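**Student:** Generate coordinates for the sequence data below:
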Amino acid sequence: MEEDYDRLSPLGEEQARKLGEFWARHGIRFDLCFHGPAKRHIRTMEIASDCVRQAGLHWPESQVVPELDEFDAFRVHQLLTPKLAACDPEVRRLNDEFYANRHKPEAGRLLQKLFEAVSRSWCSGLYDMPELESWTQFRERIRTGVDKIREASTQGRNVVAISSGGPIAATIAQTLQLSPLAAIEFVWLSRNGSFSEFLFSGARFSMHSFNSIPHLDDRRLLTYR
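**Tutor:** Below is the predicted model of the structure:
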């Protein structure tokens, strides 16, 4: 992982190129392009769009949608882990295990398990606090961003929106009417550089595919978070 979490790693840039090349190779055209405000969202869009343009295909001017930003995972971990470690035996065990092995190769795997446990408690709503965006607030923010995109898109238009695993999970929750605990699982299921497809027309809004990776044809490109 890069020291700056919001910066694409060289591997992340390769995944973005593969995505753009896939769109270009299959002649996939977009009428509108939206992206979240994060540097990694913008860089992914830049790399993929360059590949499409180099193939002689049209790429629309991009538009930032601030609501498509990721939830603050660092803040969730920072504020909730100490609180949960004091009252939840499983979080305490995972936290102790991580700190006991934080300088070992398995530290990343242990941190991910701890983060997942803390995130499940965060999304439950039982530990909401004023200084931390709740799952309910996050999901409503994403809904607002998606509604902006839908309102800007006339019927029959093909739209691309570049964001992160959390906003994808929240959008899936909206389309499938999932509980918070079911929805949060999609955050760590999302592969880097994958794409998901949604169909919308009027009041209709449905999921067509999730986590597609036909363009990532090398196992070293299959990464999470």
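**Student:** Every contact and neighbour count from this point should use C-alpha atoms.
**Tutor:** Fine.
**Student:** What are the structural domain limits within the protein?
**Tutor:** 10-71+133-221, 73-124 (automatic domain parsing).
**Student:** Can you lay out these as JSON lines showing mean pLDDT and mean neighbour count?
**Tutor:** Listed next are those as JSON lines, based on pLDDT from 0 to 100; neighbours: other CA atoms under 10 Å:
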{"stretch": "domain 10-71+133-221", "mean pLDDT": "96", "mean neighbour count": "17"}
{"stretch": "domain 73-124", "mean pLDDT": "96", "mean neighbour count": "16"}
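**Student:** now the helix or strand where residue 74 lies: how far from the chain's centre is it?
**Tutor:** According to DSSP states H and E, residue 74 maps onto helix 73-85. Relative to its chain's centre, helix 73-85 lies at 20 Å (CA atoms, centre = their mean, to the nearest Å).
**Student:** Check which helices and strands it sits against.
**Tutor:** helix 89-100, helix 107-124 (3 or more CA pairs under 8 Å, 6 or more residues apart in numbering; DSSP states H and E).
**Student:** which residues of the protein fall in helices?
**Tutor:** 10-25, 39-54, 73-85, 89-100, 107-124, 135-152, 165-176, 180-189 (DSSP state H).
**Student:** For the ones you listed, give me a markdown table that also has distance to residue 206.
**Tutor:** Converted to a markdown table, those look like this (distance: least, CA to CA, whole Å):
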| stretch | distance to residue 206 |
| --- | --- |
| helix 10-25 | 22 |
| helix 39-54 | 23 |
| helix 73-85 | 27 |
| helix 89-100 | 35 |
| helix 107-124 | 23 |
| helix 135-152 | 12 |
| helix 165-176 | 5 |
| helix 180-189 | 15 |
